[in-house]
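> 3D, please:
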Amino acid sequence: MKKTQEYIQEHKQRFVGELLEILRIPSISADSSYKGDVEKMAFDLADKLKEAGAENVEVCRTDGHPIVYGEKIIDKNLPTVLVYGHYDVQPADPLELWDSPPFDPVIKKTEIHPEGAIFARGACDDKGQLYMHVKAFEAMMKTGELPCNVKFMVEGEEEVGSVNLTTFVKENKERLKADIILVSDTGMLANDTPSITTGLRGLSYVEVEVTGPNRDLHSGLYGGCVTNPLNILAKMIATLHDDKKKITIPGFYDKVEELSKEEREEMAKAPFSKEDYCKALDIEDVYGEEGYTTLERGSIRPSLDVNGMWGGYTGEGAKTVIPSKAYAKISMRLVPNQNSEEITKLFTEYFQSLAPKGIRVKVTPHHGGEPSVTPINTIGYKAASKAYEATFGKKPIPLRSGGSIPIVAMFEKELGLKTILMGFGLDSDAIHSPNEHFGLFNYFKGIETIPYFYSNFKELSND
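As a prediction, the model looks like this:
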């Protein structure tokens, strides 16, 4: 990999410039008014893959946004790595909280990123991390050091639930045949403490609608006389946790995997400062299920949170109404052995049972996904661990993440492949939030580390 690493050092400035170019494209998949920009991003990415040396590059049509595919098969007898990523981004709202325009990327130095960080929507999630793979591939191709076959599959709907990806995978199993899937859509502990995500929580996401009277009512004439859906909804939601912060849905914990004392002790080796954690979030104390640490609550334990709640009048000034309807969006993060459809059913039955007489409840399931775990004794994990050790000078810590990437479980089900999550972002990168950014250190470290994964994977596969 010597020539590859030299090539990377020689082309760093260009690699940054190219990333800035694609960050200027507002490829927001959730907003139909940006459909043209999402499509432009797909074709631009296809061009970038061709320039890097990929063959059979195609912008594949779906019922939604396109999927970009490309490959380089150097020898059918060699291992094949399937790289997954997404080129769509979250909406940038609220725009007024950005220090600079979200689609006009700027590089600024920060306390955590003294070398500079790129501030833009998608800088870390996932354009920056995806583009690391494109540039690492280019470096290996241009120097003749590509040790494995490579396939790229990059979607434009990850931020809206990967609506059409499963269909694409099912219809293209032969084309997508590989030995391992490689993804960079996660993070690591710190720039001096690399880590590899070995577990992801699943997701059940629902919207609830609570209906009382047949129209909005005058709160003076009817207040105290009829049920107020907003009051009732607030009470129903408050009932979903007990005084020990445990979720009260009957059967919710029946299949939750309980980790051994040894496994929990291994997890506890990850550096964590409660003081720094609270300071970074500007909170006075942490909160969560009794009997578990903050790191455990956010990774090996399930959770339930209200993501939005509304109803009645929310405009400027006063309007004295009792609303006819009240709404909330609720997400439940799941751990191994829990099933998203089963949990959605349990939630629906319990939530409807909480409604008093005179209140009607409707629960609408949105997207969901299953939890997944990657063992640390696999060839893929060992190849990734050795790669981090080569560029960071220390072994990465295996770490379970609180986030969800539902497609990981889908890949295992449909393609029979495990996924290696080589993330280079940080918790402080503000993904999905105003002022999202990605450190130049992290961007380059990713490009430098990925080639070692390929060489290690080939070597270990031959043992």
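> drop to CA atoms for contacts and neighbour counts, all remaining ones
OK.
> so what's residue 372 up against?
By CA atoms under 8 Å, 6 or more residues apart in numbering, the contact list for residue 372 reads 199-202, 335-336, 408-409.
> from the residues you listed, pick the one nearest residue 4.
Nearest to residue 4 out of these is residue 408 (CA to CA; 29.2 Å).
> based on its surroundings, how many neighbours for that closest one?
If you count neighbours by other CA atoms under 10 Å, residue 408 ends up with 24.
> for it, which three-state class applies?
Three-state assignment for residue 408 (DSSP: H, G, I helix; E, B strand; the rest coil): helix.
> what residues are up against the closest residue to it other than its chain neighbours?
Distances taken as CA to CA, 6 or more residues apart in numbering place residue 419 nearest to residue 408, at 6.4 Å, with adjacent residues excluded. Contacts of residue 419 were listed using CA under 8 Å, 6+ apart, and they are 180-183, 374, 408, 411-412.
> same question, residue 382
Residues in contact with residue 382 (CA under 8 Å, 6+ apart) are residue 376.
> in the helix or strand encompassing it, what counts as buried?
Here residue 382 sits within helix 379-392, counting by DSSP states H and E. Residues of helix 379-392 classed as buried: 379-389, 391-392 (neighbour count, 16 or more other CA atoms under 10 Å).
> and those residues as a markdown table, adding pLDDT and distance to residue 367?
A markdown table is the format used below for the buried residues of helix 379-392 (pLDDT from 0 to 100; distance: CA to CA, whole Å):
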| residue | pLDDT | distance to residue 367 |
| --- | --- | --- |
| 379 | 97 | 32 |
| 380 | 97 | 29 |
| 381 | 96 | 29 |
| 382 | 97 | 33 |
| 383 | 98 | 33 |
| 384 | 98 | 30 |
| 385 | 97 | 32 |
| 386 | 98 | 36 |
| 387 | 98 | 34 |
| 388 | 98 | 34 |
| 389 | 98 | 37 |
| 391 | 98 | 37 |
| 392 | 98 | 37 |
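> from those, which single one is nearest residue 284?
Of all these, the one sitting nearest residue 284 is residue 392; the distance, using CA to CA, is 33.8 Å.
> would you check that that closest one makes contact with residue 190?
No - in this structure residue 392 lies outside contact range of residue 190 using CA atoms under 8 Å: 11.1 Å.
> and stretch 361-370, which residues are buried?
For stretch 361-370, burial by neighbour count (16+ other CA under 10 Å) applies to 361, 363, 365, 368-370.
> which residues in the stretch 51-200 of the chain form strands?
For the stretch 51-200 of the chain, the strands defined by DSSP state E, counting those that start in this stretch occupy 55-60, 67-72, 80-86, 106-108, 117-119, 149-155, 180-183, 195-200.
> winner for burial among the ones you listed?
strand 117-119 (a mean of 27; mean count of other CA atoms under 10 Å).
> re the thing from before, got TSV for the strands of the stretch 51-200 of the chain, with mean pLDDT too?
Formatted as TSV, the strands of the stretch 51-200 of the chain follow (pLDDT from 0 to 100):
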stretch	mean pLDDT
strand 55-60	98
strand 67-72	98
strand 80-86	98
strand 106-108	98
strand 117-119	98
strand 149-155	98
strand 180-183	98
strand 195-200	92
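> nearest to residue 227, out of the ones you listed?
If you check each of the strands of the stretch 51-200 of the chain against residue 227 by CA to CA, strand 195-200 wins as the nearest, at 40.5 Å.
> centre of the chain to that closest one, how far?
Between the centre of strand 195-200 and the centre of its chain there are 12 Å (CA atoms, centre = their mean, to the nearest Å).
> so for residue 367, what's the pLDDT?
Here, the pLDDT recorded for residue 367 equals 80.
> that one and residue 204 touch, don't they?
Yes - between residue 367 and residue 204 there is a contact under CA under 8 Å: 6.8 Å.
> same for the helix or strand harbouring residue 309, what does it pack against?
Using DSSP H and E, residue 309 sits within strand 303-311. With contacts taken as 3 or more CA pairs under 8 Å, 6 or more residues apart in numbering; DSSP states H and E, strand 303-311 sits against strand 325-334.
> other residues contacting whichever helix or strand comes after the strand it packs on?
Following strand 325-334 in sequence order, the next helix or strand is helix 340-353 (DSSP H and E). For helix 340-353, contacts defined as CA under 8 Å, 6+ apart pick out 202-206, 236, 249-252, 334, 361-363, 365, 368-370.
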